[in-house]
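In: sequence plus the predicted model coming up.
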Amino acid sequence: MGQIFGTDGARGVAITELTCERAMEIGRAAAYVLTKESGKAHPRILVGMDTRISSEILEYALAAGLTSVGAQAELLGVVPTPAVAYLVKEYGADAGVMISASHNSVEYNGIKLFSGEGFKLPDSVEEEIESYILERKAEITLKSGADVGTITHADGAAQDYIEHIRDCAGADLSGLRLGFDCANGSSAVTAGALFKSMNADCSFIADTPDGTNINDKCGSTHISNISRYVRENGLDAGFAFDGDADRCLAVDENGNMVDGDRIIAVLANYLKEKGQLKGNAAVVTVMSNLGFHDYMKARGITTVCAKVGDRYVLEEMQKNGYNIGGEQSGHIILLDHATTGDGQLTAAMLAKVMKETGRKLSELVADIADYPQLLLNVKITERSKGKWNKTPSILEKIALAEKQLEGSGRVLVRESGTEPLVRVMLEGRDSGLVNALAHDIAHEVELQLTVH
């Protein structure tokens, strides 16, 4: 990770950390790097955003940076992140930008970059963009007069995306009663029209964004809301998106959560039965539950593990030609239809499996064991970043836990790529032991990295 870009673009507290000046710099450098080989005088770059109060501010700053080097900034308005990924190729644009901090609370915002093919940029390209911001500003020539870029608006972007997802799913969901939590984010402008066009009997919560309520006790990070809503209204299933709708978690008719692991398992098994599972494999991360691996093995499906982060899942999928992968958190990539995680596509496909099989969601996931797993997030100081795996006492606690769980569980400790956090995850058959060991490690991280 660089100084500006983490595992999912640039991110920070909007205006004070991710400043307007930095957004303008990213616009300039990104336009230069992503289009320099084409030699176009006025490359076309799409810009989408989520519903945060700061998104429009950063949109203007970013557009100013893009146009200052001659690029044409085409503003999509509020759309999901996967809409930008799809439309950049569909519209024949040279690159795309999404302004969003995904599942983070309203004070944060971020900038994600997409190539002209709709894929998130590899680390090497982000590092090059970063170099032009931090070290090589003088190499970027600003335009003047008739050479500056223009700013236009694509008013039909959301509708074009809705039609794309409907066509990809190709499903008639009539007869299904479904609930959706839109996290007061991007899906609030698309989910209603999308799922109603597929004939679902659907209802919605957290679908009235006001600029400040995105992810506020709602969405995929607060799954209890949709769980309660489904139970109280007797629905067949519920789906919860995050702020930019690139992830989806589900709940069955009883309100029990169906996480990304289980969704991937159901969809991969469906594809296998249809003869459409490429490479007979699904790509997940090291965070995936051991129960998921057992289920896939029992069905003769190979699981391939990548580093945490949907970009690394995607890289593995592209490298070996796989068509399904994702994360436990609900980032699920269906590469036959999308170049990035797409929460609404995921929900549509899962509902399609329910409709085609005539099975309840609880029945579809019944054979997928869920070993006790505990994830603790420990907030650390900025100057403590990168030190957890160089601190002897923390490493000793980890080694001790691994020894105690040997053969019946695992330990995974990593630093967040988007926030000043160390994530401590333990998994095993003995929930009491998992809980004790996880808190022991987390306490040591807190002791060592929040004081010094």
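Out: The structure has been received and is ready for your questions. Numbers count the residues shown, from 1 in each chain.
In: hey, which helix or strand in the chain has the poorest pLDDT?
Out: When each helix and strand of the chain is scored by mean pLDDT, DSSP states H and E, strand 5-6 comes last, with a mean of 81.
In: pull out the buried positions in the next helix-or-strand element following that strand.
Out: The helix or strand immediately downstream of strand 5-6 is strand 9-13, counting by DSSP states H and E. Neighbour counts over strand 9-13 (16 or more other Cβ atoms under 10 Å) mark Gly9, Ala10, Arg11, Gly12 as buried. Any C-beta I mention is one placed from the backbone N, CA and C, and that applies to glycine too.
In: what's next to the least confident helix or strand of the chain, contact-wise?
Out: By Cβ atoms under 8 Å, 6 or more residues apart in numbering, the residues outside strand 5-6 that reach it are Asp123, Glu126, Glu127, Ile129, Glu130, Gly417, Thr418.
In: what strand or helix carries the second one?
Out: Secondary structure here is read from DSSP H and E; on that basis Glu126 sits in helix 123-134.
In: pull the distance from that helix to the chain's centre.
Out: 22 Å (Cα atoms, centre = their mean, to the nearest Å).
In: pull the residues that contact that helix.
Out: Contacts of helix 123-134 (Cβ under 8 Å, 6+ apart): 2-5, 22, 25-26, 28-30, 32-34, 113, 115, 121, 139-140.
In: just the buried ones from those, in PyMOL syntax?
Out: Of the contacts of helix 123-134, the buried ones go into a single PyMOL selection, burial set by 16+ other Cβ under 10 Å:
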select buried, resi 4+5+22+25+26+28+29+30+32+33+34+113+115+121+140
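In: count of neighbours near the residue lying closest to Lys307 once chain neighbours are set aside?
Out: Excluding the flanking residues, the one nearest Lys307 by Cβ to Cβ, 6 or more residues apart in numbering is Thr285, at 6.7 Å. Look at Thr285: counted by other Cβ atoms under 10 Å, it has 23 neighbours.
In: could you pull up phi and psi at Thr285?
Out: phi -110, psi 180 (degrees, to the nearest 10).
In: what sits against it?
Out: Cys305, Ala306, Lys307, Val308, Gly309, Tyr312, Val313, Glu327, Gln328.
In: now, which of those residues sits nearest Arg177?
Out: Gln328 (26.7 Å; Cβ to Cβ).
In: how about that closest one, nearest residue that isn't a chain neighbour?
Out: Gly260 (4.6 Å).
In: how about Val88?
Out: Leaving aside its sequence neighbours, Val88 sits nearest to Gly96 (Cβ to Cβ, 6+ apart; 3.6 Å).
In: surely that neighbour is within a strand?
Out: Yes: secondary structure assignment places Gly96 in a strand (DSSP: H, G, I helix; E, B strand; the rest coil).
In: could you check the pLDDT of it?
Out: Confidence at Gly96, expressed as pLDDT, is 96.
In: just list the residues touching it, thanks.
Out: Ile45, Leu46, Val47, Gly48, Val84, Ala85, Leu87, Val88, Leu113, Phe114, Ser115, Gly118.
In: mind listing the helices for the stretch 51-200 of the chain?
Out: 55-68, 81-90, 123-134, 157-169, 191-197 (DSSP state H, counting those that start in this stretch).
In: tally up the residues packed near Lys36, please.
Out: 12.
In: just Glu396 next, same as before
Out: 12.
In: quick one: contacts of the helix or strand that it is a member of?
Out: If you go by DSSP H and E, Glu396 is part of helix 392-405. Contact partners of helix 392-405, identified using Cβ under 8 Å, 6+ apart, comprise 388-389, 410-411, 413, 426, 428, 433-434, 437-438, 440-441, 444-445, 447-448.
In: filter these down to just the ones in strands.
Out: Judged by DSSP state E, strands contain the following of these: Arg410, Val411, Val413, Leu426, Gly428.
In: in TSV: those residues, plus distance to Glu107, pLDDT and neighbour count.
Out: Below are the ones in strands among the contacts of helix 392-405 laid out as TSV (distance: Cβ to Cβ, whole Å; pLDDT from 0 to 100; neighbours: other Cβ atoms under 10 Å):
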residue	distance to Glu107	pLDDT	neighbour count
Arg410	34	88	18
Val411	32	93	22
Val413	27	94	22
Leu426	30	93	28
Gly428	36	89	25
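In: nearest to Lys217 among those?
Out: Nearest to Lys217 among the ones in strands among the contacts of helix 392-405: Leu426, at 26.9 Å, using Cβ to Cβ.
In: quick one, phi/psi of the closest residue to Asp172 other than its chain neighbours?
Out: Once flanking residues are discounted, Asp172 sits nearest to Asn199: 5.4 Å by Cβ to Cβ, 6+ apart. Backbone torsions of Asn199, given as degrees, to the nearest 10, read phi 70, psi 20.
In: that concludes my questions; thank you for your assistance.
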